[in-house]
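Asker: I'd like to go over a predicted model; first the sequence, then the structure.
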Amino acid sequence: VQLQASGGGLVQPGGSLKLSCAASGKIFEVGLMGWYRQAPGKQRELVATITRGGSTFYADSLKGRFTVSRNNRKNTVTLQMNSLKPEDTAVYFCHASITAYMTTYLETSLHWGQGTQVTVSS
């Protein structure tokens, strides 16, 4: 099982960017999905999460600018980021709780994507 993130890049302040993350492998079910970010010299922080049923949670400072969504059939999660600021510059990581088929049983574990760089600069 793995998570593959994409969509990072360089954007000007006030611009928008959309991140995507796809889970693949022998998946029985994907539970909670979401995004964290880590800026240089800072700890990793929660950006947003979304449950399988679509309930969302956002870091207070990001409400109204970021939107998280998911597609349960495709096992994907996206993060739409609008009105980006230089302080949003960070490596963004997707994460997911995934129940996977093992040889004779199911196993649930937390998985992380490889991280994608978002740089907001003029």
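Answerer: Cool, the structure landed.

Asker: burial count for residue 47?
Answerer: 24 (other CB atoms under 10 Å). To be clear about C-beta, it is placed using only N, CA and C from the backbone, and glycine gets the same treatment.

Asker: Would you check that it makes contact with residue 63?
Answerer: No. Contact criterion CB atoms under 8 Å: residue 47 and residue 63 do not qualify, at 10.9 Å.

Asker: tell me which element the spatially closest residue to residue 72 that is not a sequence neighbour falls in.
Answerer: Leaving aside its sequence neighbours, residue 72 sits nearest to residue 52 (CB to CB, 6 or more residues apart in numbering; 6.3 Å). Using DSSP states H and E, residue 52 sits in no helix or strand.

Asker: The nearest residue to residue 44 once chain neighbours are set aside and residue 112, how far apart?
Answerer: Computed as CB to CB, 6+ apart, the closest residue to residue 44 that is not its neighbour in sequence is residue 38, at 4.2 Å. Look at residue 38 and residue 112: by CB to CB, to the nearest Å, they are 11 Å apart.

Asker: which residues do these two both contact?
Answerer: residue 93 (CB atoms under 8 Å, 6 or more residues apart in numbering).

Asker: Quick check: which ranges of the protein have low pLDDT?
Answerer: Nowhere does the chain drop to pLDDT under 70.

Asker: one more time with 90, if that's ok
Answerer: Scanning the chain with the threshold set as pLDDT under 90 gives 61, 63-64, 102-106.

Asker: what about the strands in it?
Answerer: Secondary structure of the chain (DSSP state E): strands at 2-6, 9-11, 17-24, 27-38, 45-50, 56-58, 66-71, 76-81, 90-101, 106-112, 116-120.
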